[in-house]
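# give me a 3D structure for the following:
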Amino acid sequence: MAIKAYRPITPAQRQKTTQDFDQITTKKPMKSLLKAKKQQAGKNNQGRITVRHRGGGVKRHYRLVTYKLPLDLTFTVEEIEYDPNRSARIARVKDENGVYYYVLADTNMEKGTTFKTGKEIEVETSSRMPLENIPVGTFVYGVELTPGKGAQMVRAAGSSAQLMAKEDGYATLKMPSGEVRKVLVACEASIGTVSNVQHQNVKVGAAGRRRRKGIRPTVRGVVMNATDHPHGGGDGGRHGSGKAPRTPWGQLTLGYRTRHNKKTNKMIVRSRHEGKRK
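Numbering: from 1, shown residues only. The predicted structure follows:
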């Protein structure tokens with residue numbers, strides 16, 4: 001999978017790149033696995049903006065991706081599809097009973113390949129099984145946090161976690177962020193790496209491309225009025241020197257830690273922040 005560059009016939013196309021879509025086998029999604037998706041434009045049910053810089057964009061349908069597949073079945077990949085709602089590709093798969101599902105596609109999936117789910121199955125790429133049945137050193141994705149809840153971690157394009165150890169009922173995983181954490185060995189995971197590994201190397205290159213994604217412009221705080229941002233105001237001179245960067249609501253940012261989920265701290269063996277615990 002490579003990155004495709006454009007012929008530089010305009011200034012934007014000089015630096016813009018895109019993914020190649022060689023892995024995709026069809027442009028027509030399955031209607032029974034689609035759901036209408038309403039654009040909220042970052043607003044809540046009162047019409048107030050709760051997420052800034054959202055709005056516009058092209059219309060999309062949500063793909064009903066299954067993160068918890070039935071066990072002890074064999075699945076056949078029918079198609080590899082593009083999903084506008086996520087960075088990874090998705091696979092349309094069919095089980096032995098003729099039921100269709102959308103699942104996250106990995107780098108090994110192609111049209112016609114098969115994979116299995118269950119405890120007593122062979123350890124092969126794309127297979128889904130509990131961590132206790134996966135050999136140490138294997139790369140996995142779509143990892144559960146709670147047994148039976150379905151894939152919650154390692155779902156982004158090109159990501160994978162490495163199984164480092166298993167002891168005392170827990171599996172130690174090295175996450176894509178560098179964090180090392182424990183998960184119950186009863187949690188399931190799929191073997192392999194999530195598809196579209198070059199996603200992070202794509203250069204947007206044009207403002208209109210962002211707008212079509214539903215992302216509106218971001219404005220620096222120092223060019224705002226003092227009433228709109230802590231960095232705003234002044235006579236046009238230099239702003240913000242000697243001050244800690246803040247959000248529009250005065251919260252410290254750029255390095256200030258805001259994680260307060262202390263319940264799971266005991267599961268973190270090594271933090272992604274320079275080996276220190278959060």
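
# how about the helices in the stretch 101-250 of the chain?
In chain order, the stretch 101-250 of the chain shows helices spanning 207-212, with DSSP state H, counting those that start in this stretch as the criterion.

# remind me which residues of it are low pLDDT?
Applying pLDDT under 70 to the stretch 101-250 of the chain flags residues 238-241.

# quick check: domain ranges of this structure?
By the assignment in automatic domain parsing, the chain contains the domains 3-199, 219-278.

# which of the ones you listed sits most buried?
Each of the domains of the chain was given a mean neighbour count from mean count of other Cβ atoms under 10 Å, and the largest, a mean of 16, is that of domain 3-199. All C-beta spots, glycine's among them, are computed from the backbone N, C-alpha and C.

# before we move on, the earlier item: quick one, which of the domains of the chain gets closest to residue 212.
With respect to residue 212, and counting by Cβ to Cβ, the nearest of the domains of the chain is domain 3-199 at 5.3 Å.

# taking the centroid of this protein, which residue is nearest it?
Central residue check for the chain by Cα atoms, centre = their mean: the C-alpha nearest the mean position is that of residue 156, 3.0 Å away.

# quick one: secondary structure of the spatially closest residue to it that is not a sequence neighbour?
Residue nearest to residue 156 in three dimensions, not counting chain neighbours: residue 87, with 5.5 Å by Cβ to Cβ, 6 or more residues apart in numbering. In three-state terms, and counting by DSSP: H, G, I helix; E, B strand; the rest coil, residue 87 is coil.

# what sits against residue 87?
Neighbour list for residue 87: 156-157, 196, 199 [criterion: Cβ atoms under 8 Å, 6 or more residues apart in numbering].

# let's go with 6 Å and repeat that
156-157, 199 (Cβ atoms under 6 Å, 6 or more residues apart in numbering).

# got a markdown table for those, with distance to residue 233 too?
As requested, the contacts of residue 87 are exported to a markdown table (distance: Cβ to Cβ, whole Å):
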| residue | distance to residue 233 |
| --- | --- |
| 156 | 39 |
| 157 | 41 |
| 199 | 40 |
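
# return the list of strands paired to the longest strand along the chain, each annotated with direction.
Determined from DSSP state E, the single longest strand within the chain is strand 73-81. In the sheet containing strand 73-81, its partner strands are strand 90-94 (antiparallel), strand 114-117 (antiparallel), by DSSP bridges.

# is it possible to export those strands to TSV including distance to residue 146?
Shown next, in TSV, are the strands paired with strand 73-81 (distance: least, Cβ to Cβ, whole Å):
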stretch	distance to residue 146
strand 90-94	23
strand 114-117	18
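
# quick check: which of the ones you listed is nearest to residue 79?
Counting by Cβ to Cβ, and looking across all of those, nearest comes strand 90-94 at 4.4 Å.

# out of the contacts of residue 87, which comes closest to residue 189?
Nearest to residue 189 among the contacts of residue 87: residue 156, at 14.9 Å, using Cβ to Cβ.

# about what we covered before: just put the domains of the chain in CSV and tack on distance to residue 212.
Shown next, in CSV, are the domains of the chain (distance: least, Cβ to Cβ, whole Å):
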stretch, distance to residue 212
domain 3-199, 5
domain 219-278, 20
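
# which one of the ones you listed lies closest to residue 213?
domain 3-199 (5.7 Å).

# which phi and psi does the closest residue to residue 20 other than its chain neighbours have?
Computed as Cβ to Cβ, 6+ apart, the closest residue to residue 20 that is not its neighbour in sequence is residue 4, at 4.9 Å. Comment: the main-chain dihedrals of residue 4 come out as phi -100, psi 130, following degrees, to the nearest 10.
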